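> The following comprises the amino acid sequence and a computationally predicted model.
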Amino acid sequence: MISKTRENLIEKGLFVTAIFSIIAILLIITFIFREGIPIFQDYGVINFIFGMDWAPSDGKYGVFTMIVGSLCITLLSLAIAVPLSILCAIFMAEVAPEIMRKILKPVIETLAAIPSVVYGFFGLIVLVPYVRANIGGTGFGMLTAALILTVMIMPTIISVSEDAIRSVPLEYKEASLALGATHWQTIRRVIFPAAIPGIITSIILGMGRAIGETLAVIMVAGNVTQIPSSILDPVRALTSNIALEMGYATGLHYSALFGTAIILFVLIMILLVVANYFHYKKKIVIGGGYL
C-alpha cells in the first residue's frame, strides 16, 4: 500500500514537472511573438526576412544577411565536426583500450563544460591571428567562428554517438563476426548502420548548440551584415545581432530584435523538423529490416 502511494506521488510529481516545463516554454514563445509582431506589421514580413540592409538609424531592418550568416556558420561547423565526432565515437566504443577510454571520456566531458566565453577568448587570441597569418583575410570571419563551434559541439556529438553505438545489441556483432566478417567490416556494415538513428540525434543536438551559440561567435565572426563570398569573410549571426543591439534598442528597433528572435526560432524549428524526419525515416527502415 505504501509502495503504491509512493509510486502515485512520483507519477503526479513528474506530471506536474512536465506541465510546468510546457507552460514555461509557451510563456517564453508568447512573450517573444508579442514583442516581435509589430516589426512584421509595420515593416512587412517580406521586407524584414529578405531585406539585405540592417541600418536601424535609417529605418532599415532586413535580416536576410544574418540568416545566411547563421546557416553558413552552422553548416560549416557541422561539416567539420560530424565526421571527426563520429570517428572518435567509433574509436572510443569499439577500438580504444579500456584505459584510453577512461582517459578520453572525462576529457571530452570537460570540453562540454567549458564556458563559451573561454572558447571565444581562445579563438580571439589563438585562432584569429593564426587564420590571418596562414590562411588569409582579417582572421575574423566565418571559418574562425565555425572552427570554434566545431570544438564546442564535438563533445555533444561524440558522447551521444558513443552511447548509440554501445546500445547496439551485442548479438549483431557476434553474428557478424561468426559469419567471417572482420572487426572493421562489422563496424561499417552492422554496428554503424544500426546506430544511425542515435547518431542523427547527436547531430541534431549539436546543430541546436551551434545555431544558438552567441558569445563565442560574437568574438570571432567579425559581425558584418553581408552575404559571405568565401569562408574567410566576416559575417553576423542572428544571435549576435540580438546580443549586440538589445542594450540600446527602442521602439521599432526593439521590436525588430524580437522579430530576429522569431526568425531564429522558426529557423531552428525547420532544421529540427528536417533532421527528425530523416531520423525517424532511418529508424523505421532499420526496424523494418532494410539494414
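The structure has been received and is ready for your questions.

> What distance do you get for residue 198 to residue 19?
Spatial separation of residue 198 from residue 19 under the definition CB to CB, to the nearest Å is 28 Å. Bear in mind the C-beta positions are built from the backbone N, C-alpha and C, glycine included.

> Settle it for me: which of the two has more neighbours?
Ranked by neighbour count (other CB atoms under 10 Å), residue 198 and residue 19 place residue 198 first, with 20 against 10.

> which ones are touching the more buried one?
Contacts for residue 198 (CB atoms under 8 Å, 6 or more residues apart in numbering) come out as 160-161, 163-165, 167.

> ok, now with 7 Å
160-161, 163-164, 167 (CB atoms under 7 Å, 6 or more residues apart in numbering).

> So which elements touch the worst-scoring helix or strand of the chain on mean pLDDT?
None of the helices or strands of the chain scores lower by mean pLDDT, DSSP states H and E than helix 251-287, at a mean of 79. Under the contact criterion of 3 or more CB pairs under 7 Å, 6 or more residues apart in numbering; DSSP states H and E, helix 251-287 touches helix 2-43, helix 192-212, helix 238-245.

> Would you convert those into JSON lines that also reports mean pLDDT and distance to residue 110?
Formatted as JSON lines, these follow (pLDDT from 0 to 100; distance: least, CB to CB, whole Å):
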{"stretch": "helix 2-43", "mean pLDDT": "87", "distance to residue 110": "28"}
{"stretch": "helix 192-212", "mean pLDDT": "87", "distance to residue 110": "16"}
{"stretch": "helix 238-245", "mean pLDDT": "90", "distance to residue 110": "25"}
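
> Out of those, flag the one nearest residue 221.
For the helices and strands packed on helix 251-287, proximity to residue 221 was assessed by CB to CB; helix 238-245 is nearest, at 6.5 Å.

> could you check the angle helix 192-212 makes with that closest one?
With axes from the mean of the first three to the mean of the last three CA atoms, to 10 degrees as the basis, helix 238-245 and helix 192-212 are set at 20 degrees to each other.

> which other helices and strands contact helix 238-245?
For helix 238-245, the packing partners by 3+ CB pairs under 7 Å, 6+ apart come out as helix 64-90, helix 215-220, helix 251-287.

> which of those helices sits most buried?
Most buried of these by mean neighbour count (mean count of other CB atoms under 10 Å) is helix 215-220; its value is a mean of 25.

> tell me what the host helix or strand of residue 154 is packed against?
Per DSSP states H and E: residue 154 is located in helix 142-166. Applying 3+ CB pairs under 7 Å, 6+ apart, one finds that helix 142-166 makes contact with helix 64-90, helix 98-113, helix 116-122, helix 128-134, helix 192-212, helix 215-220.

> Could you point out which of those helices sits nearest residue 256?
With distances scored as CB to CB, the stretch of the helices and strands packed on helix 142-166 nearest to residue 256 is helix 64-90 (11.3 Å).

> and the angle for that closest one with helix 251-287?
Between the axes of helix 64-90 and helix 251-287, defined by the same axes, to 10 degrees, the angle is 30 degrees.

> So what angle separates the directions of helix 64-90 and helix 98-113?
Using the same axes, to 10 degrees, the inter-axis angle of helix 64-90 relative to helix 98-113 is 160 degrees.

> Need the mean per-residue confidence for helix 64-90.
With pLDDT averaged residue by residue, helix 64-90 scores 93.

> Tell me which residues touch the residue nearest the centre of the chain, please.
Centrality entry for the chain: nearest residue to the mean C-alpha point is residue 207, 2.2 Å, by CA atoms, centre = their mean. Neighbouring residues of residue 207 by CB under 7 Å, 6+ apart: 74, 78, 271, 275.

> let's see it at 8 Å
Each residue near residue 207 by CB under 8 Å, 6+ apart is listed here: 74, 78, 153, 271-272, 275.

> one step back: nearest approach to residue 176 belongs to which of the helices and strands packed on helix 142-166?
With distances scored as CB to CB, the stretch of the helices and strands packed on helix 142-166 nearest to residue 176 is helix 192-212 (10.5 Å).
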